[in-house]
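Engineer: Quick one, what's the 3D model for this:
(chains A, B, C and D)
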There are 2 protein chains.
Amino acid sequence: MKKTRVTIKDIARELKISASTVSRALQDHPALKKETKEAVKTLAEKWNYRPNAMALNLLRQTSTTIAVIVPDITSHFFSAAVTGIQDIFVSSEYNIMICISNESYEEEALIIENLSKVQIAGVLVAPASTTLDFDHFRKLQKNDIPLIIFDRDCEGFEAHKVLVDDYSGAFEAVEYLIKSGCRKIAHITGASNLSTNNHRLQGYIDALKKNNIPILEEHIIQASGFTHEDGIQPTELLLRSNNIPDAIFAVNDRLAVSAMRTAKKLKFRIPEDIAIIGFDDEPHSSYFTPALSTVWQPVYSMGMLSARILLHEIEKEEESKEFRHEVFKTELVLRGTSKKIQGDF
Amino acid sequence: MKKTRVTIKDIARELKISASTVSRALQDHPALKKETKEAVKTLAEKWNYRPNAMALNLLRQTSTTIAVIVPDITSHFFSAAVTGIQDIFVSSEYNIMICISNESYEEEALIIENLSKVQIAGVLVAPASTTLDFDHFRKLQKNDIPLIIFDRDCEGFEAHKVLVDDYSGAFEAVEYLIKSGCRKIAHITGASNLSTNNHRLQGYIDALKKNNIPILEEHIIQASGFTHEDGIQPTELLLRSNNIPDAIFAVNDRLAVSAMRTAKKLKFRIPEDIAIIGFDDEPHSSYFTPALSTVWQPVYSMGMLSARILLHEIEKEEESKEFRHEVFKTELVLRGTSKKIQGDF
DNA sequence: AATCTCTATGCAAACGTTTGCACGAATATG
DNA sequence: CATATTCGTGCAAACGTTTGCATAGAGATT
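Structural biologist: Down below sits the predicted model:
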């Protein structure tokens, strides 16, 4: 089964020289005479010699593996972020290892526990929605493994962070709904311990406050998950209540799409009877009828920046205690599920 | 910066015993007396000792890293397949490394070239659409690195393969369109060297043949890519021709969705004027209006099976020359973009 | 008292690579 | 001709771990 690879020793034996000479020849060491170098290089090429990364890493006490921990990769959000990360590391000597936590704190902690057995150079993590405790992250920091938190903030935990300005994104979206004439704006929110959800909720609340619109508890409904199915029940609740809203701001596109279909089913006209704005701008969101208005996030860039920061952390020499904190701006994308602002033209 | 980890030697020094004894104590070697074992284990626990995977792999001449090469992870298809793969390996000692080829043969070959520097235990690959040459895969096989090809077949290249019965999936879909009364069925296909596309095309052709419907070249249009945008032009071409089809079978959901929107824009009624069937059954496909009829593929299971076969290949002892060839069945999912079969009730 | 058998532990080699130091030979300088 | 310098190469250690073999000490048998 196992055919062993060509090693430096094999080349040395064949050429009747020492392993050190082979090693130096391959590195173009100036002290060697060129005939030796050439002989070595020719044979190395012919035998398809590849240095053993494990031996090197052992010697150097380093690793070239980066771990990326995400809650899920089937959502466009994280798969695009991972693509951004990958696109940075692909041209480096590092390899990325993707780990999926399935939005579970336990799995996330287990992943980190397993990672500590393997040598890793650094970790990028978008915490699971059920992660409330950060000791597993602290353990990494204590072992001097650079850690970058992205997308989802861990409040009260210090680390390098790359986030999106969810608050402003939500604020802008809700304020737009108000300007377009909506007065009873509901919000479908998600898991309450996720910073992204909370910031969007706060943006929603503050936009209403600023415009002197009362905040109604009955108009803030929490969906039980992130998928399409999870949007049906909250929407039905809203549209069958005795205080029917005239707009829904959903915490993500999937829930917004689901709200849209549910509203249609209940014979609401969109956006006349009920306007809808989502969050994420997934690639297919513009293909619904009407096309979904939503808040775009620079996911790919966020992935790239996170990766760049990690790379810098791994390679920097000086010890520094300062943590970077980067926040990306969102963009409101207006399409068919929101009304136009009156008299804007 | 670098705080070195606790090693077996550190423990040995502290306890004034040899490294071998520590190693044996941690493995519960029967020759050691229990006081020694306990002392070692207690200290190892206290100091949070973790074996150095690199040293072990170097010693054993093995690796616990599996590479997964996919053309793209932002599509639901591959992200779901990768999730299936991950779910198998997560409970094993292996870690997976995700590599993205961006549908490019060059990048794919480069990835394999880079992988050969790192020690890897095995490779799972869904070849890029531009991959016509398989020498990079052969190189892996020559080095005894187990290789599994999934989703996309490489005709003329022998390896373990886990595929989907695209032919039957397409055949069924087209035959359904015929049974529901369509007679002028067009097909939007994709890159012509992709086995999946070709098998779907062949399924389309054979379904027409079987039902004595002439195959019109003008009704087979190749989209230039896989994204939504790539579906617009082919659809316009079809619907503005002087031989307008009454159904479109698209090679994937994205193109189908795009065809749907384009048809709507041109005032066609769906499915009365033009029926549409896609391929993939992406999670949001049922949320369009009308909901998209499509062909479901067991992607997640395909990922899992591929991973299981690889695991078996890596761990098996005996050399065997036989390649496994697994084919999954698809399922036709009928929703709003296709007509009902007359008199079926 | 001499030999034998356990028991518990240590030694050293091995995995593949790099690199500081040393060394022999050839060449240059006095 | 003796010494110094340069050139090309090899030795050995190091990284962390495992494991076959050796061995020291204790107790048992003759």
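Engineer: Got phi/psi on the closest residue to residue A:272 other than its chain neighbours?
Structural biologist: Nearest residue to residue A:272, sequence neighbours excluded (CB to CB, 6 or more residues apart in numbering or on different chains): residue A:339, at 7.4 Å. (Glycine included, C-beta is placed from N, CA and C.) Backbone torsions of residue A:339, given as degrees, to the nearest 10, read phi -80, psi 160.
Engineer: Please see if stretch A:231-246 touches chain B.
Structural biologist: No - contact of stretch A:231-246 with chain B is not found when judged by CB under 8 Å from any CB of the partner chain; the minimum separation is 9.7 Å.
Engineer: my bad, stretch A:57-73
Structural biologist: Yes - remark: stretch A:57-73 sits within contact range of chain B at A:57-58, A:61, A:63-65, A:72-73, by CB under 8 Å from any CB.
Engineer: Of those - the most surrounded one?
Structural biologist: residue A:73 (26 neighbours; other CB atoms under 10 Å in any protein chain shown).
Engineer: on that earlier part again, in strands, which of the residues of stretch A:57-73 next to chain B fall?
Structural biologist: residue A:65 (DSSP state E).
Engineer: Compile the residues of stretch A:57-73 next to chain B into CSV and extend it with columns for pLDDT and distance to residue A:286.
Structural biologist: Shown next, in CSV, are the residues of stretch A:57-73 next to chain B (pLDDT from 0 to 100; distance: CB to CB, whole Å):
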residue, pLDDT, distance to residue A:286
A:57, 91, 46
A:58, 91, 51
A:61, 87, 50
A:63, 89, 42
A:64, 89, 40
A:65, 91, 38
A:72, 94, 23
A:73, 95, 22
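Engineer: What is the nearest of the residues of stretch A:57-73 next to chain B to residue B:14?
Structural biologist: residue A:61 (20.3 Å; CB to CB).
Engineer: Just want the phi and psi numbers for that closest one.
Structural biologist: Residue torsions, per degrees, to the nearest 10, at residue A:61 are phi 60, psi 40.
Engineer: go on, residue A:98?
Structural biologist: phi -100, psi 130.
Engineer: next one: residue A:95
Structural biologist: According to degrees, to the nearest 10, residue A:95 has phi -120, psi 140.
Engineer: beta partners of it?
Structural biologist: Residue A:95 forms beta bridges with residue A:65, as assigned by DSSP bridges.
Engineer: Next to chain B, which bits of the stretch 101-250 of chain A? Give me the list.
Structural biologist: A:107, A:114, A:116-119, A:143-144, A:227-228.
Engineer: what's near enough to touch the residue in the stretch 201-345 of chain A positioned nearest to DNA strand D?
Structural biologist: Relative to DNA strand D, the nearest point of the stretch 201-345 of chain A is residue A:314 (18.6 Å; CB to the nearest atom of the strand). Counting by CB atoms under 8 Å, 6 or more residues apart in numbering or on different chains, residue A:314 touches A:94, A:121-122, A:146.
Engineer: and the residue nearest to residue A:272, how many residues sit next to it?
Structural biologist: Residue A:339, neighbours per other CB under 10 Å, totals 20.
Engineer: Quick check: it vs residue A:274, distance?
Structural biologist: Between residue A:339 and residue A:274 the computed distance is 10 Å (CB to CB, to the nearest Å).
Engineer: Just the contacts of residue A:314: which are in strands?
Structural biologist: When DSSP E defines the strands, the subset of the contacts of residue A:314 inside them is residue A:122.
Engineer: Is residue A:141 located within a strand, as I assumed?
Structural biologist: No - checked against DSSP: H, G, I helix; E, B strand; the rest coil, residue A:141 lies outside a strand; its state is helix.
Engineer: Where does the residue of the stretch 201-345 of chain A closest to DNA strand D sit, in terms of helix or strand?
Structural biologist: helix A:299-315 (DSSP states H and E).
Engineer: for residue A:249, same thing?
Structural biologist: Counting by DSSP H and E, residue A:249 is part of strand A:247-250.
Engineer: Around the residue in the stretch 101-250 of chain A that DNA strand D sits nearest to, how many other residues sit close by?
Structural biologist: Nearest residue of the stretch 101-250 of chain A to DNA strand D (CB to the nearest atom of the strand) works out as residue A:119 at 9.3 Å. Residue A:119 has 22 neighbours, counted by other CB under 10 Å.
Engineer: Report the buried residues of the host helix or strand of residue A:232.
Structural biologist: Taking DSSP H and E as the definition, residue A:232 sits inside helix A:232-239. The neighbour-count check on helix A:232-239 (16 or more other CB atoms under 10 Å in any protein chain shown) flags A:232, A:234-235, A:238-239 as buried.
Engineer: what residues does it touch?
Structural biologist: With CB under 8 Å, 6+ apart, helix A:232-239 has contacts from A:186, A:188, A:219, A:221-224, A:244-245, A:248, A:255, A:258-259, A:262-263, A:266, A:268, A:274.
Engineer: Any regions of the stretch 1-150 of chain A where pLDDT drops low?
Structural biologist: A:1-4 (pLDDT under 70).
Engineer: can you give me the strands for it?
Structural biologist: Secondary structure of the stretch 1-150 of chain A, counting by DSSP state E, counting those that start in this stretch: strands at A:65-70, A:95-100, A:122-125, A:147-151.
Engineer: Same question for the stretch 201-345 of chain A.
Structural biologist: A:220-222, A:247-250, A:275-277, A:294-296, A:325-328, A:331-333.
Engineer: who wins for proximity to residue B:153 among those?
Structural biologist: Comparing these by CB to CB, strand A:294-296 comes nearest, at 37.4 Å.
Engineer: and residue A:136, what does it touch?
Structural biologist: A:108-109, A:112-113.
Engineer: at 6 Å instead, please
Structural biologist: Contact analysis of residue A:136 by CB atoms under 6 Å, 6 or more residues apart in numbering or on different chains lists A:109, A:112.
Engineer: same check, this time on the one 10 residues further on
Structural biologist: Residue A:146 sits next to A:122, A:310, A:313-314 when contact means CB under 6 Å, 6+ apart.
Engineer: Try it again at 10 Å.
Structural biologist: If you count contacts by CB atoms under 10 Å, 6 or more residues apart in numbering or on different chains, residue A:146 has them with A:66, A:120-124, A:140, A:159-160, A:309-316, B:1.
Engineer: Same question for residue A:170.
Structural biologist: Contacts of residue A:170 (CB under 10 Å, 6+ apart): A:187, A:189, A:196-197, A:199-207, A:249, A:251, A:277, A:279, A:295, A:330.
Engineer: Sort out which of those residues are buried, if you could.
Structural biologist: Of these, these count as buried by 16+ other CB under 10 Å: A:187, A:189, A:196-197, A:199-201, A:203-207, A:249, A:251, A:277, A:279, A:295, A:330.
Engineer: So which of those belong to helices?
Structural biologist: Those of the buried ones among the contacts of residue A:170 mapping onto helices are A:196-197, A:199-201, A:203-207, per DSSP state H.
Engineer: Tell me which two in these are the farthest apart.
Structural biologist: A:196 and A:207 (16.7 Å).
Engineer: now, which of the residues of stretch A:57-73 next to chain B sits nearest residue A:182?
Structural biologist: residue A:72 (31.8 Å).
Engineer: ok, residue A:68 touching residue A:149?
Structural biologist: No - here residue A:68 does not reach residue A:149: they are 12.0 Å apart, not a contact under CB atoms under 10 Å.
Engineer: Those two: which has the busier surroundings?
Structural biologist: Using other CB under 10 Å as the criterion, residue A:68 and residue A:149 rank with residue A:68 on top: 28 against 25.
Engineer: hmm, back to that, return the angle between stretch directions for the helix holding residue A:314 and strand A:147-151.
Structural biologist: If you take axes from the mean of the first three to the mean of the last three CA atoms, to 10 degrees, helix A:299-315 sits at 170 degrees to strand A:147-151.
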